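1. sequence and predicted structure are below.
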Amino acid sequence: MPHSVMLINTIAAAFGLALVLGFGAARLRLPPLVGYLIAGVVIGPFTPGFIADAELASQLAEIGVMLLMFGVGLHFSWDDLLAVRKIAVPGAAVQMMVATALGTGLAVWWGWPLGGALVFGLSLSVASTVVLLRALEAQGILESHTGRIAVGWLVVEDLLMVLVLVLLPPLAGWLGGAVQHPPAPPVHGAALGWALAWKLVQVGAFVALMLLVGRRLFPWLLWQVARTGSRELFTLCVVATAIGIAFGSAVLFGVSFALGAFFAGMVMRESTLSHRAAQESLPLRDAFAVLFFVSVGMLFNPAVLWDRPLQVAAVVAIILVGKTLAAAALVLAFRYPLNTALTVSASLAQIGEFSFILVALGTSLKMLPSEGASLVLAGSLISMALNPLLFLALAPLRAWLLAHSAWARRLEQRDDPLAELPMSTDARYLARQVVLVGYGRVGRRVANLLATQDVPLVIAEHNRELVESLRKAGKAAVFGNATDPAVLIQAHIARAAMLVIALPDTLHVHQIITAARTLNPQIEVAVRSPSAEEGRRIAQAAECTVFVAEEALAQAIAQHILQRNADRQAHASRPAPLQNRI
């Protein structure tokens with residue numbers, strides 16, 4: 001086949017077979033992802049028939065990773081990242097250490113050298129960007145606090161793996177691997193410290209450049225392109241920004257494509273056109289994400305399943321059980337409820353892109369035994385295929401644990417001082433107040449606008465650290481998931497004048513409204529909706545006021561609350577009919 005059409009053939013075969021097998025998987029009530037992975041196995045070099053170009057497929061998959069992380073960054077602010085730092089940073093670090101220790105210990109038990117065992121353990125410790133984002137999107141929780149914890153955890157893992165990839169070559173000789181040509185700097189003296197310091201400087205410089213310059217430059221550029229009125233130029237600007245920053249960050253600062261694209265989305269989020277940018281790039285993100293799963297399948301040699309079944313089972317157990325239990329225990333240790341622990345741990349129970357990069361580096365340094373790559377790929381493929389099924393099992397698992405374990409019930413309804421208002425709370429916050437569910441970008445602006453008008457407000461928020469900071473600032477706030485009636489009771493919903501739901505997604509809106517109206521049948525409800533179609537469904541089903549406009553959304557909600565508050569005060573000041581007076 002002429003090389004000039006190999007790219008076309010690879011794309012055509014990947015998309016066509018992924019469509020057929022993905023549709024077949026969906027008809028069998030399996031995640032389409034399973035079909036995409038099998039499609040990669042079919043057109044890979046380890047099965048007979050047509051063989052696609054694995055290198056081309058891998059590069060196309062990298063574009064998918066960039067676009068996916070760019071899309072996440074468009075919905076993830078710097079404040080969101082800082083809000084989960086107290087759990088994401090130690091959680092990611094400890095979970096990676098646990099998984100690395102399990103993998104390293106297993107490989108040493110198999111008789112591998114220490115260097116190869118360490119590379120093997122590290123490759124099992126980091127989750128796949130694409131699988132995690134797809135799983136959170138499928139559950140509708142990508143923009144929830146639980147989703148933010150998982151994404152923040154992933155960002156920390158990526159940063160730590162960047163450091164690992166920098167430090168591994170100079171350590172290769174000491175760990176029993178080959179010396180690079182040209183040789184890497186020696187590991188004695190201060191060389192290793194300088195290498196680490198230089199990498200930290202590079203990453204810090206990139207983050208500073210994005211936050212100080214990118215937050216002004218790229219939104220301005222997007223606005224200038226939008227003024228031309230050309231849709232294709234707008235889409236081109238979005239895609240060029242995502243891929244260009246990702247590539248530039250890797251070349252100039254040594255960070256990963258995924259991390260560079262994530263920060264590109266974060267700075268683009270400062271634009272008022274960020275919602276449109278997310279919509280315009282969505283089809284490309286979905287298409288290239290499919291190519292990612294196909295490319296993973298192409299790397300897999302099915303023979304490892306019958307040549308080394310026990311070793312494959314041990315690897316899968318570390319990924320699905322070891323990592324899951326470690327992540328769940330860490331989330332619970334930070335006093336988050338059982339449901340959050342289960343969701344975060346399930347989203348991290350797989351491995352992907354960085355694992356392949358680390359395996360390739362370990363192989364080139366002659367540290368990782370030949371069977372190591374096959375075992376990591378087998379663990380990756382199986383964990384990716386099982387991850388959606390793991391999410392499906394979360395709800396029945398949680399219900400079973402709550403029904404059969406008093407310990408699980410205590411975890412779900414823990415005695416947390418932030419879960420109820422202090423006894424010293426002013427009486428004005430306990431009656432005729434506004435209960436605000438969600439203190440994200442929109443919720444924060446609504447609260448600030450109401451504060452200028454001295455409207456009493458109680459905030460219900462699922463981010464424990466955020467509730468703690470609100471309490472320190474003297475604001476009335478309770479910690480917990482508002483789908484739990486106990487949280488609304490602690491916010492004194494029974495005597496509230498209005499409920500405002502400012503969550504970024506509408507997954508649990510109906511459940512919250514039902515619980516609120518059970519406790520207060522007369523309460524008025526205002527809801528933020530991400531789309532007009534979803535807003536119409538909510539308004540019809542729940543008989544509430546829905547706000548959809550992306551521009552000045554917080555201002556519109558605040559004005560509505562103030563107007564309704566004024567109407568109630570005017571109605572209360574009117575003289576009652578003679579027969580109704582006391």
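-> Structure received. Numbering: from 1, shown residues only.
2. and residue 473, how many neighbours?
-> Look at residue 473: counted by other Cβ atoms under 10 Å, it has 8 neighbours. For glycine as for every other residue, the C-beta is placed from the backbone atoms N, C-alpha and C.
3. quick one: low-confidence parts of the stretch 151-300 of the chain?
-> Residues of the stretch 151-300 of the chain that meet the criterion pLDDT under 70 lie in 166, 170, 172-193, 195-196.
4. quick one, strands of it?
-> For the stretch 151-300 of the chain, applying DSSP state E, counting those that start in this stretch gives no strands.
5. what do you get for the stretch 1-150 of the chain?
-> Read by DSSP E, counting those that start in this stretch, the stretch 1-150 of the chain holds no strands at all.
6. and for the stretch 451-582 of the chain?
-> According to DSSP E, counting those that start in this stretch, the strands that the stretch 451-582 of the chain contains are 457-461, 476-479, 498-501, 524-528, 545-547.
7. now do the helix or strand containing residue 324: distance to the chain's middle.
-> Using DSSP states H and E, the element containing residue 324 is helix 323-333. With Cα atoms, centre = their mean, to the nearest Å as the basis, helix 323-333 stands 17 Å off its chain's centre.
8. what's in contact with it?
-> For helix 323-333, contacts defined as Cβ atoms under 8 Å, 6 or more residues apart in numbering pick out 87, 90-91, 94-95, 98-99, 124-125, 127, 149, 153, 338, 340-342, 344-346, 348-349, 411.
9. that one: which residues count as buried?
-> Neighbour-count burial for helix 323-333, counted by 16 or more other Cβ atoms under 10 Å, picks out 323, 324, 326, 327, 328, 330, 331, 332.
10. identify the farthest-apart pair in the residues you listed.
-> The largest separation in those, counting by Cβ to Cβ, is between 323 and 332 at 15.0 Å.
11. and the chain, what are its domains?
-> 3-185+285-404, 417-580 (automatic domain parsing).
12. now those in a markdown table, with distance to residue 269?
-> Converted to a markdown table, those look like this (distance: least, Cβ to Cβ, whole Å):
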| stretch | distance to residue 269 |
| --- | --- |
| domain 3-185+285-404 | 5 |
| domain 417-580 | 9 |
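13. residues contacting the residue most central in space within the chain?
-> Centroid-nearest residue in the chain, with Cα atoms, centre = their mean: residue 151, separated by 3.1 Å. Residues near residue 151 by Cβ under 8 Å, 6+ apart: 72, 76, 132, 133, 136, 142.
14. so who does the fourth one touch?
-> With contacts defined as Cβ under 8 Å, 6+ apart, residue 133 is in contact with 68, 69, 71, 72, 142, 151.
15. could you give me the buried positions within stretch 530-542?
-> Judged by neighbour count using 16+ other Cβ under 10 Å, the buried positions of stretch 530-542 are 530, 534, 535, 538, 542.
16. make that stretch 485-492, sorry
-> Of the residues in stretch 485-492, 485, 487, 488, 490, 491, 492 count as buried by neighbour count, 16+ other Cβ under 10 Å.
17. same thing with stretch 517-527?
-> 517, 519, 520, 523, 524, 525, 526, 527.
18. sketch out the low-pLDDT regions of the stretch 1-150 of the chain for me.
-> For the stretch 1-150 of the chain, applying pLDDT under 70 flags the ranges 1-4, 75-77, 80, 143.
19. which residue ranges of it form helices?
-> Assigned by DSSP state H, counting those that start in this stretch, the stretch 1-150 of the chain shows helices spanning 6-27, 32-42, 54-74, 78-83, 85-109, 114-123, 129-139, 145-171.
20. so what touches the fifth one?
-> Identification of contacts with helix 85-109 by Cβ under 8 Å, 6+ apart yields 81, 114, 116-118, 120-126, 149, 152-157, 160, 314-315, 318-319, 322-323, 326-327, 330-331, 334, 336, 348, 372, 465.
21. need the pLDDT of residue 324.
-> Predicted confidence (pLDDT) for residue 324: 89.
22. how close does residue 73 get to residue 202?
-> 19 Å (Cβ to Cβ, to the nearest Å).
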